[in-house]
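> after the sequence you'll find the predicted model.
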Amino acid sequence: MHNKTIAEISRDLAAGVYTSVDITRELLARIEQHDAQYNSFITVTAEQALAQAAAADARRAAGQASAWTGVPIAHKDIFCTNGVLTTCGSKMLSNFVAPYDATIVDHFNQAGAVSLGKLNMDEFAMGSSNESSYYGPVANPWDRSRVPGGSSGGSAAAVAARLVPGATASDTGGSIRQPAAFCGLTGLKPTYGRVSRWGMIAYASSLDQAGVITRTAEDAAMMLNVMAGLDAKDSTCMDHPVPDYTATLNDSLAGLTIGLPKEYFSRDLSPAMAEKVRTAIAHYEQLGATVKDISLPNTHLAIPAYYIIAPAECSANLSRMDGVRFGYRCDDPKDINDLFKRSRGEGFGNEVKRRIMIGTYALSAGFYDAYYNKAQQVRRLIKNDFVEAFKEVDVIMGPTTPTPAFPQGSNSDDPVAMYLEDIFTIALNLAGLPGMSIPCGHINQLPVGLQLIGNYFDEARLLNCAHQFQQVTDWHQHTPHDLA
Ligand code: GLN
């Protein structure tokens, strides 16, 4: 059962092949038995999951089942879950039991899904390797000495290790696409505003977007069907029609125009990676697409602009963690300043502190125009590159990452080297565009991701492109070698 996709489980439950309680029990047993070697879960909600599964089976018996009734998933620990520990990978929230559900968590509950628990992540979603978590690093199931990517490393490792068929995740600069690439999975980051951010703990609010990590594009479409749509509780959530994302998966790609940005095939990309991506593009040509060389000339400015804007926004967002209202509080504070200082000093990890300091500096009087305003202007240039490109092409493709998964510890002492890992993913967040990563090959037995970038609200086309590729290739079906 644990090798089934969401779509297969949905069909099996409908056909009565097994019950939701059966599969929930099996996955909980797998987590118990195997997750010690991956560390992908922070909290397993076994009791709640079994209660949800039993309720789902009862609804089905009463003839009230829908596609999601009884299907198991798990949530990145950035999403608030009512009555369940919600840590965001930080000591700061290590005692925080959320008093409400994030909108998307509520949507999955309403749809009848079963949540197995909360998944590990880089602290406050800051990182590309899942090494900054207070709950310890996550191992990549393809090679446990390597990182699973970050910040949604727990989501990716759990799906790759077949502990859960799909997981929610979030992407501020690549945190869905990069771990999906490193773990041989399908990752979807929707358009900014497509999915509610309410109850998703804020890192950089103008960049953050909730999405999914699954094995197949079909499963990603099923999850997006549950998540997408207007939410009055998130003022940046857009009132844009929500199609059935599974309805167009089988559309033909004849006549599709794919743009290949020359900047994505630069010296940052290893020749072996470039070769895998080009082979994938050749599959698309066989499917009827035409390829066009394009340029996104401001690509090189994406990382510098991001590392002003994201820290600036995080310094504001994280100021609410002060040891007073919720979260970690230091012992025996002498006075209110001591309380603030020591609670924040002890509660936040090094990467988070580094970013709060950079952000506070960039926003301070005298530097605001030089850094923050300038970064916002650069952001507009990056967005304009995409707007121009999409006048000529339907979808843009390239690598998701410069290399396959790197060894644990290899970038830990060099934050700038870590930041450069996001060179191909970050521009999308600055522009607010949707993107996907799908498996397109292996190098030294490690998965490689193909990145698909779509125009605003063009998720259906991305999913269609990803699904068609998965009809003619089987990279998404490969399993980590030593998987039990
Ligand atoms: N790796 C990037 C960062 O560290 C992106 C993280 C994310 O998308 N949440 O900020």
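Right, received. Where do you want to start? Numbers count the residues shown, from 1 in each chain.
> residue with max distance from the center of the protein?
K334 (40.8 Å; Cα atoms, centre = their mean).
> any idea how far that residue is from the ligand?
Between K334 and the ligand the distance is 34 Å, computed by Cβ to the nearest ligand atom, to the nearest Å. For every residue, glycine as well, the C-beta is placed using N, CA and C.
> which residues touch that residue?
By Cβ atoms under 8 Å, 6 or more residues apart in numbering, the contact list for K334 is empty.
> the ligand contacts on this protein?
By Cβ under 6 Å from any ligand atom, the part of the chain that sits against the ligand consists of 125-128, 151, 171-175, 203, 310, 422.
> which one (most neighbours) among the residues you listed?
Of these, S175 is surrounded by the most neighbours, 37 neighbours in total, counting by other Cβ atoms under 10 Å.
> that one: what's its closest spatial neighbour, skipping adjacent residues?
Sequence neighbours aside, S151 is the residue nearest to S175 in space, at 4.1 Å (criterion: Cβ to Cβ, 6 or more residues apart in numbering).
> can I take it that that neighbour is in a helix?
No - note on S151: no helix contains this position according to DSSP: H, G, I helix; E, B strand; the rest coil, which reports coil.
> the chain should start at 462 in everything you say after this.
Happy to do that; since the first residue is 462 now, the last one works out to S612.
> right, and it touches L580 too?
No - taking contacts as Cβ atoms under 8 Å, S612 lies outside contact range of L580: 10.6 Å.
> of all of the stretch 762-911 of the chain, which residue lies closest to the ligand?
Per Cβ to the nearest ligand atom, the residue of the stretch 762-911 of the chain with the smallest distance to the ligand is D883, at 4.8 Å.
> and that residue, what does it touch?
When the contact criterion is Cβ under 8 Å, 6+ apart, the partners of D883 are 589, 634-635, 639, 764, 767.
> pick out the residue nearest the middle of this protein.
I637 (2.4 Å).
> got the residue ranges for the helices in the stretch 762-911 of the chain?
Counting by DSSP state H, counting those that start in this stretch, the stretch 762-911 of the chain has these helices, from start to end: 763-778, 797-808, 811-824, 835-850, 876-881, 887-892.
> deepest-packed of those, please.
helix 887-892 (a mean of 27; mean count of other Cβ atoms under 10 Å).
> mind exporting that helix as CSV, just the C-alpha atoms?
These are the backbone C-alpha positions of helix 887-892, laid out as CSV (Å, rounded to 0.1, in the frame of the first residue of the first chain):
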residue,chain,number,x,y,z
ILE,A,887,14.4,32.5,-6.6
ALA,A,888,13.5,34.7,-9.5
LEU,A,889,10.1,33.1,-9.7
ASN,A,890,9.2,34.1,-6.2
LEU,A,891,10.3,37.7,-6.8
ALA,A,892,8.0,37.8,-9.9
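> low-confidence regions, the stretch 462-611 of the chain specifically.
Counting by pLDDT under 70, the stretch 462-611 of the chain has no low-confidence residues at all.
> all strands of it, in order?
Counting by DSSP state E, counting those that start in this stretch, the segments of the stretch 462-611 of the chain that form strands are 502-505, 533-537, 575-580.
> for I467, find the nearest of those.
Using Cβ to Cβ as the measure, strand 533-537 is the one of the strands of the stretch 462-611 of the chain that comes nearest I467, at 7.6 Å.
> for the closest one, packing partners?
If contacts are counted by 3 or more Cβ pairs under 8 Å, 6 or more residues apart in numbering; DSSP states H and E, strand 533-537 sits against helix 481-495, helix 564-572, strand 575-580, helix 614-621, strand 627-632.
> packing partners of the fourth one?
Using 3+ Cβ pairs under 8 Å, 6+ apart as the contact criterion, the neighbours of helix 614-621 among helices and strands are strand 502-505, strand 533-537, strand 575-580, strand 627-632, helix 638-643, strand 670-675.
> measure how far it is from the centre of its chain, please.
Averaging C-alpha coordinates over helix 614-621 and over its chain gives two centres that are 10 Å apart (Cα atoms, centre = their mean, to the nearest Å).
> mind listing what's buried in it?
Within helix 614-621, the residues that qualify as buried by neighbour count (16 or more other Cβ atoms under 10 Å) are 614-621.
> can I assume the residue nearest to the centre of the chain is in contact with I674?
Yes - at 6.1 Å, I637 counts as touching I674 under the criterion of Cβ under 8 Å.
> show me what contacts G550?
In this structure, G550 makes contact with 503, 538-539, 581-586, 593-596, 612, judged by Cβ under 8 Å, 6+ apart.
> actually C775, sorry about that
Contact analysis of C775 by Cβ under 8 Å, 6+ apart lists 585, 587, 664-665, 813, 816-817, 820.
> now with 6 Å?
664-665, 816, 820 (Cβ atoms under 6 Å, 6 or more residues apart in numbering).
> got the helices and strands packed on strand 533-537 as TSV, with distance to F809 columns?
As requested, those are arranged in TSV below (distance: least, Cβ to Cβ, whole Å):
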stretch	distance to F809
helix 481-495	29
helix 564-572	25
strand 575-580	20
helix 614-621	19
strand 627-632	19
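> mean neighbour count, those: which tops it?
Scoring these by mean neighbour count under mean count of other Cβ under 10 Å gives helix 614-621 as the most buried, with a mean of 35.
> next, the angle from that helix to strand 627-632.
Taking axes from the mean of the first three to the mean of the last three Cα atoms, to 10 degrees, one finds that helix 614-621 is oriented at 150 degrees with respect to strand 627-632.
> averaged pLDDT, helix 614-621. What do you get?
Predicted confidence along helix 614-621 averages 98 (mean pLDDT).
> how about the CA coordinates for it, as PDB?
Output of helix 614-621 as PDB, limited to C-alpha atoms (Å, rounded to 0.1, in the frame of the first residue of the first chain):
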ATOM      1  CA  GLY A 614      13.100  18.900   3.500                       C
ATOM      2  CA  GLY A 615      10.800  16.900   5.800                       C
ATOM      3  CA  SER A 616       8.000  17.000   3.200                       C
ATOM      4  CA  ALA A 617      10.300  15.700   0.500                       C
ATOM      5  CA  ALA A 618      12.000  13.000   2.500                       C
ATOM      6  CA  ALA A 619       8.700  11.700   3.900                       C
ATOM      7  CA  VAL A 620       7.200  11.400   0.400                       C
ATOM      8  CA  ALA A 621      10.400   9.900  -1.100                       C
END
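> neighbouring contacts of it?
499, 501, 537, 580-582, 591, 599, 602, 609-610, 625, 628, 630, 640-641, 644, 646, 674, 941.
> ok, now how distant is L691 from F918?
According to Cβ to Cβ, to the nearest Å, L691 stands 13 Å off from F918.
> between these two, which one's more packed in?
Residue environment comparison for L691 versus F918 gives the larger neighbour count to F918, 19 against 14, counting by other Cβ under 10 Å.
> need the contact list for the more buried one.
For F918, the contacting residues are 652, 701, by Cβ under 6 Å, 6+ apart.
> go again using 8 Å as the cut-off
So, once contact is read as Cβ under 8 Å, 6+ apart, F918 ends up touching 652, 655, 699, 701, 895.
> pLDDT at the first one, what is it?
Among the per-residue scores, T652 shows a pLDDT of 98.
> tell me the contacts of it?
Each residue near T652 by Cβ under 8 Å, 6+ apart is listed here: 670, 699, 893-895, 915, 917-920.
> which of the helices or strands spans it?
With elements delineated by DSSP states H and E, T652 resides in a region that no helix or strand encompasses.
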